[in-house]
Structures are given as C-alpha cells and as structure tokens.
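Q: Predicted model, plus sequence, below.
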Amino acid sequence: MKDPAFLFYTGDFLAGTMFFTDEQVGIYLRLLLAQHQHGRLSEKQVNFICKSYDNEVLEKFEKDEEGNYYNLRLENEINKRKSYSESRSNNRKGKVKQDKPKRKKTSITYDIHMEDRNRDINKTELDKKFDEFLNFRKEIKKPVSEISLIALKEKLKKLSNGSETDSIEILNNSIANSWQGIFPLDKKTLPTEPTLKRKTL
C-alpha cells in the first residue's frame with residue numbers, strides 16, 4: 001500500500017522558495033506532490049505541470065540516467081519514512097532480535113529514520129548565508145522572532161530586487177559590519193552608525 005504522506009519541513013520550504021513567484025511556488029509544490037504519488041517524473045509529466053521550462057524551479061530537481069526528474073530531498077524523505085514504517089512493522093511482528101533491549105532499539109530506529117541529519121542537502125548559497133545571518137543575530141543576543149523573520153525575508157527580497165547575488169552581498173555586509181539590520185548595497189543610502197544600532201529588524 002502506498003504511503004499517503006511524507007515529512008514536510010515548512011521552514012525549509014519557505015526558505016528555499018523565498019524568491020519564487022506565487023506561480024513558481026505552485027508549480028514546485030505540484031511537482032513535489034506528483035513525484036510523491038508517481039515516482040520520478042518524465043519530461044512529458046514535468047512539461048504538463050510547468051507548461052513551459054522554468055529554470056529556477058527545475059534547479060530544485062536532479063535528472064537520472066533515463067532523463068526523469070526527481071527532487072533528492074523528497075526522495076530521501078520518502079525512503080526514510082518507508083524504512084521507518086517497515087522497521088516498526090517488523091517490531092510488531094516480532095522480527096527484531098530479542099537479545100537487544102526494546103528501549104535501545106526504539107531509540108536507534110528513531111535516530112536513524114526520523115532525525116534529519118541532512119537538512120542542508122537542498123539549501124542554496126543564499127539559504128546558507130541567511131542562516132549565517134540568523135546565527136550572527138543570536139550571537140549578539142538579538143535573535144529574530146518568527147514574525148520578524150517573514151518581514152526580514154520580504155525586506156531582503158525588495159532590497160535586492162530578487163537577485164540572489166545581491167541578497168548574499170547585503171547579508172555579508174551586515175555580518176561583516178556587525179549590523180543588526182539589512183540595508184541597500186548603495187553606500188549613499190546606508191544609515192549612519194547610530195541609526196544602525198537602533199535597527200532591530
């Protein structure tokens with residue numbers, strides 16, 4: 001029987017689609033759901049969903065030797081969930097060796113199949129730089145709240161005009177100068193140091 005669900009990390013999804021249009025987000029999500037339901041997708045299936053080739057969206061997918069598209073992170077999540085379900089089923093059927101303490105077996109199973117040790121597998125350079133900026137804010141005791149996080153991403157998108165390269169440079173400037181906020185690349189528009197200290201977003 002086909003597994004009806006998979007683990008969906010909303011924070012990673014939002015970060016990974018930060019500069020997608022609403023249409024691109026919809027296409028990307030439909031491709032993920034199609035892969036979950038039908039497996040790796042043929043060129044024809046991808047074209048049916050995308051309508052036209054979208055390089056930004058398809059960068060999220062690998063292409064196998066047969067020319068089929070697949071999202072590696074999703075495939076890993078599907079396989080981990082399948083392995084976990086099979087291990088739990090085997091436990092219930094008494095197929096697990098009895099000489100191992102049950103508590104220890106449960107801990108190992110959870111650790112292998114449910115903990116996500118590869119959450120950076122699909123992260124772009126911008127995603128990683130944004131994480132670096134958030135860690136910097138934590139280090140200076142000015143962590144970003146969930147509400148501020150959304151506003152911060154929108155501000156970064158506006159300041160960079162959707163450019164990933166400019167976004168990374170903006171974040172680099174803030175980290176290098178120990179600024180709490182983010183500012184345009186044009187130095188003429190940068191606030192003075194006293195103003196910077198009052199910025200908290």
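A: Noted; the coordinates are in hand.
Q: Any idea how many residues pack against residue 39?
A: Neighbour count for residue 39, taken as other Cβ atoms under 10 Å: 12. No exception for glycine: its C-beta is placed from N, CA and C like everyone else's.
Q: who touches it in this structure?
A: Contact analysis of residue 39 by Cβ atoms under 8 Å, 6 or more residues apart in numbering lists residue 70.
Q: So which residues of the protein form helices?
A: Counting by DSSP state H, the segments of the chain that form helices are 10-16, 22-38, 43-50, 55-58, 72-92, 102-113, 125-139, 146-160, 164-176, 193-198.
Q: wait, which of these is closest to residue 184?
A: Nearest to residue 184 among the helices of the chain is helix 146-160 (5.3 Å), distances taken as Cβ to Cβ.
Q: ok so, going back, who wins for proximity to residue 66 among the helices of the chain?
A: Comparing these under Cβ to Cβ, the one sitting nearest is helix 43-50, at 10.2 Å.
Q: what's the closest one packed up against?
A: Contacts defined by 3 or more Cβ pairs under 8 Å, 6 or more residues apart in numbering; DSSP states H and E place helix 43-50 against helix 22-38, helix 55-58.
Q: would a markdown table of these with mean neighbour count be doable?
A: As requested, the helices and strands packed on helix 43-50 are exported to a markdown table (neighbours: other Cβ atoms under 10 Å):
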| stretch | mean neighbour count |
| --- | --- |
| helix 22-38 | 16 |
| helix 55-58 | 14 |
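Q: May I see those arranged in JSON lines, with distance to residue 151 and mean pLDDT as well?
A: JSON lines is the format used below for the helices and strands packed on helix 43-50 (distance: least, Cβ to Cβ, whole Å; pLDDT from 0 to 100):
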{"stretch": "helix 22-38", "distance to residue 151": "18", "mean pLDDT": "94"}
{"stretch": "helix 55-58", "distance to residue 151": "23", "mean pLDDT": "93"}
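Q: so what are the domain limits for this protein?
A: Per automatic domain parsing, the domain ranges recorded for the chain read 1-121, 125-198.
Q: which regions of this protein sit below the pLDDT cut-off?
A: Scanning the chain for pLDDT under 70 picks out the ranges 1, 95-122, 187-201.
Q: Go again with 80.
A: 1-3, 85, 88-123, 147, 186-201 (pLDDT under 80).
Q: Residue 124 versus the residue nearest to the spatial centre of the chain, what's the distance?
A: Centroid-nearest residue in the chain, with Cα atoms, centre = their mean: residue 12, separated by 2.7 Å. Going from residue 12 to residue 124 by Cβ to Cβ, to the nearest Å gives 11 Å.
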